[in-house]
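K.L.:
Sequence plus predicted model, see below.
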Amino acid sequence: MALYSDKVMDHFRNPRNLGIIENADGIGEVGNAKCGDIMKIYLKIDNDIITDVKFETFGCGSAIASSSMATELIKGKPISEALDLTNKAVAEALDGLPKIKMHCSVLAEEAIKKAIEDYYEKKNEKL
Ligand code: FES
């Protein structure tokens, strides 16, 4: 059996929502101390809905596929749903990740949560 599912390979080769958002409403950057990989998520939020999301990932193929899938899963969704997104759900949507690569999907969950935190911090600053 192939180590990576077709979906992982597809999202790795053709990442969705790759890039940055100028004037993002929330930005979350996280890193994995062990492998040194870094993931950055940019959010545009309107009325509690994630209207746009982009990512930059300096890391392994699983991290790139996880960020790509995670952005697809939260685009157009309310903040509450994005906060509920687990790394397990990201991995499942990719038809699974090898066990030793599960930690790569954790970066996506953490980066989204951090970007939403940043959004709320910025919003409070403006109030
Ligand atoms: Fe570092 Fe995948 S090996 S995120």
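P.N.:
That came through, no problem. These numbers were taken from a predicted model, which means no experiment stands behind them.
K.L.:
list the contacts for Met102?
P.N.:
87, 91 (C-beta atoms under 8 Å, 6 or more residues apart in numbering). For the C-beta atoms, the positions are set from N, CA and C on the backbone; glycine is no exception.
K.L.:
Could I get the full set of helices for this structure?
P.N.:
6-13, 61-74, 79-84, 87-93, 102-126 (DSSP state H).
K.L.:
per-stretch mean pLDDT over the ones you listed, give me the minimum one.
P.N.:
Among the helices of the chain, helix 102-126 carries the lowest mean pLDDT, a mean of 94.
K.L.:
what about that one, near the ligand?
P.N.:
Yes - counting by C-beta under 6 Å from any ligand atom, the ligand is contacted by helix 102-126 at 104, 107.
K.L.:
Which strand residues bridge Glu56?
P.N.:
Taking DSSP bridges as the rule, Glu56 bridges to Lys40.
K.L.:
Number of residues surrounding it?
P.N.:
17 (other C-beta atoms under 10 Å).
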